[in-house]
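Q: predicted model and sequence follow; I will ask about them next.
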Amino acid sequence: MRSLPVLVAVTLALGALSRNVPPSPRDGTSGQPRTFSLTQERNPNFIRKGPIQLAKIYRKYRVPLPPDLKTAVERILGKRSTGGAVATPEDHDVEYLTPVSIGTPEQILNLDIDTGSSDLWVFSSETSRSEVKGQTLYDPSNSSTAQKLEGYTWSISYGDGSSSAGEVYLDTVSIGALTVSSQAVEVAQKVSSEFTSDSNNDGLLGLGFGSLNTVQPNAQKTFFDNAMPALDSPVFTADLKAGIPGRYNFGYIDPNAYTGNITYVSVDDSQGFWDWTSPGYAIGSGSFENTTIKGIADTGTSLLLLPSSVVSAYYGKISGAKYDSTQAGYVLPCSPTPPDFAFGVGDDGAAIVLPGKYINYAPTGSSGTTCFGGIQGDSGIGFAIFGDVALKAAFVVFDGGSKTLGWASK
Ligand SMILES: O=C(c1ccc(-c2ccco2)nc1O)N(Cc1ccccn1)C1CC1
């Protein structure tokens, strides 16, 4: 910005010289100079908007607007947008579903917003009938704005063994007040049994990085990537809650949605995930354990998957907790409430605390005495996964501009 004051000074000087100075009073008739004066009055109706005035100077001298000035101007001129919608938990917070409008007239589907993947795919009129059980179907033939991408296909498989595949359309997609006019909508022709049996889930809306998108022959942009240039701020936020609806917002950070400060950490997007590093953890009122935990913020995964050393340290504090091979995970007595679990954020001592009750993920049987643990191991994955069990204890900013994650308590 160092160059800016000089530019303004030069402009004001030039402006003074070029201001409308009246023609010479000597008009060659009587030889007598004719003079006149003009009194200037301030226009009371003119509302000063600094950025607009400044932008005029930049434009006058054909100097490109710095990003901040461009954003300020567009915010004043109302060219920016924001949006958002509720995220409603399914049983035991296994997933959160958000209404998404697709097509013209709008077809509203409840989608699982998933920061761990980057395909927007939906159950559709093209999904084989035997694989549909109650889901709402997107029918592109009923949308005047649908355009088929001929020859384009997609196919994805997830870490829990589920999968889906199909063809691709472009159509208008909105989340609340935020609309993307030409979004790739991947229609499922086949889905695995995990999706068929999840009757309230009409598909996924991926908010991972574009490199993960599976569309062939040309990868397609995510809803966030398409929306970003029009957003007030290049961010979306996840405010998931335990057992009650939370919210995804786009383009702004709601100051009423969190407490204290937001601590931002860097993101490694090289694998397509919102991949960050926590400095360690604490169990209950115990001391903080400094240990590097590299993992992803993944709204599409239900549990908190951590390195085995951390998991065994946690369950080692709970009498009766054990690894149960029939459940393929750690189980613990549902009562008494297990200890809190905190993970560190940044190097200033910030942390997100999971109340112990979040670790009682779900009863394993009808008696309700034994619970499946909300914290499980990440063996075989290669990184930790901060899924919904962790995310619902925090307000999380996904910043696509700076490629950082912001974590706050709430
Ligand atoms: O399910 C997925 C997942 C998401 C997207 C993709 C993918 C493949 C191609 C494009 O995206 N593949 C996955 O596998 N988890 C969570 C997970 C949970 C349990 C075990 C392994 N992983 C990815 C985010 C880490």
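A: Done, it's in.
Q: please make it C-alpha for all contacts and neighbour counts, starting now.
A: Fine.
Q: and residue 350, how many neighbours?
A: 18 (other CA atoms under 10 Å).
Q: which ones are touching the residue lying closest to it once chain neighbours are set aside?
A: If you skip the residues right next to it in sequence, residue 350 has residue 344 as its closest partner in space, 5.9 Å away by CA to CA, 6 or more residues apart in numbering. The contact partners of residue 344, by CA atoms under 8 Å, 6 or more residues apart in numbering, come to 278-281, 350-352.
Q: which residue is the nearest non-sequential neighbour of the most centrally placed residue in the chain?
A: Nearest to the mean C-alpha position of the chain, by CA atoms, centre = their mean, lies residue 236 at 3.4 Å. Once flanking residues are discounted, residue 236 sits nearest to residue 250: 4.2 Å by CA to CA, 6+ apart.
Q: buried set for stretch 83-97?
A: 83-90, 93-97 (16 or more other CA atoms under 10 Å).
Q: report the two of the residues you listed separated the most.
A: Farthest apart among the buried residues of stretch 83-97 by CA to CA are 83 and 94. That separation is 24.6 Å.
Q: please name the residues that touch the closest residue to the ligand within the stretch 201-350 of the chain.
A: The ligand sits closest to residue 212 of the stretch 201-350 of the chain, with a gap of 4.4 Å, by CA to the nearest ligand atom. The contact partners of residue 212, by CA under 8 Å, 6+ apart, come to 117-119, 271-272.
Q: now a PyMOL select for only the buried ones of these.
A: Buried residues within those, by 16+ other CA under 10 Å, are selected in PyMOL with:
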select buried, resi 117+118+119+272
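Q: any idea how far the ligand is from residue 152?
A: In this view, residue 152 and the ligand are 16 Å apart by CA to the nearest ligand atom, to the nearest Å.
Q: wait, that residue touches residue 165, no?
A: No. Applying CA atoms under 8 Å as the test, residue 152 and residue 165 come out as separate, 11.2 Å apart.
Q: looking at those two, which is more packed in?
A: A count of neighbours by other CA under 10 Å puts residue 165 above the other of residue 152 and residue 165, at 22 against 16.
Q: which of the three states applies to the nearest residue to the more buried one once chain neighbours are set aside?
A: Using CA to CA, 6+ apart and skipping residues adjacent in sequence, the residue nearest residue 165 is residue 155, 4.1 Å away. Of the three states, residue 155 takes strand under DSSP: H, G, I helix; E, B strand; the rest coil.
Q: surely residue 155 and residue 166 touch.
A: Yes. At 6.6 Å, residue 155 counts as touching residue 166 under the criterion of CA under 8 Å.
Q: picking that back up, check the contacts of residue 212 and tell me the two furthest apart.
A: Applying CA to CA across these, the maximum distance is between 119 and 271, 14.9 Å.
Q: do you know how far residue 374 is from residue 333?
A: 13 Å (CA to CA, to the nearest Å).
Q: more crowded one of those two?
A: Under the criterion of other CA under 10 Å, the comparison of residue 374 against residue 333 puts residue 374 first, with 23 against 20.
Q: backbone dihedrals for the more buried one, please?
A: phi -80, psi -20 (degrees, to the nearest 10).
Q: just confirm residue 369 contacts residue 337, I think it does.
A: No. Here residue 369 does not reach residue 337: they are 11.6 Å apart, not a contact under CA under 8 Å.
Q: please name the nearest non-neighbouring residue to residue 259.
A: Closest residue to residue 259 apart from its sequence neighbours, by CA to CA, 6+ apart: residue 410 at 4.9 Å.
Q: let me see the contact set for the nearest residue in space to residue 359 that is not next to it in sequence.
A: Nearest residue to residue 359, sequence neighbours excluded (CA to CA, 6+ apart): residue 374, at 4.3 Å. By CA under 8 Å, 6+ apart, the contact set of residue 374 is 303-304, 358-361, 389.
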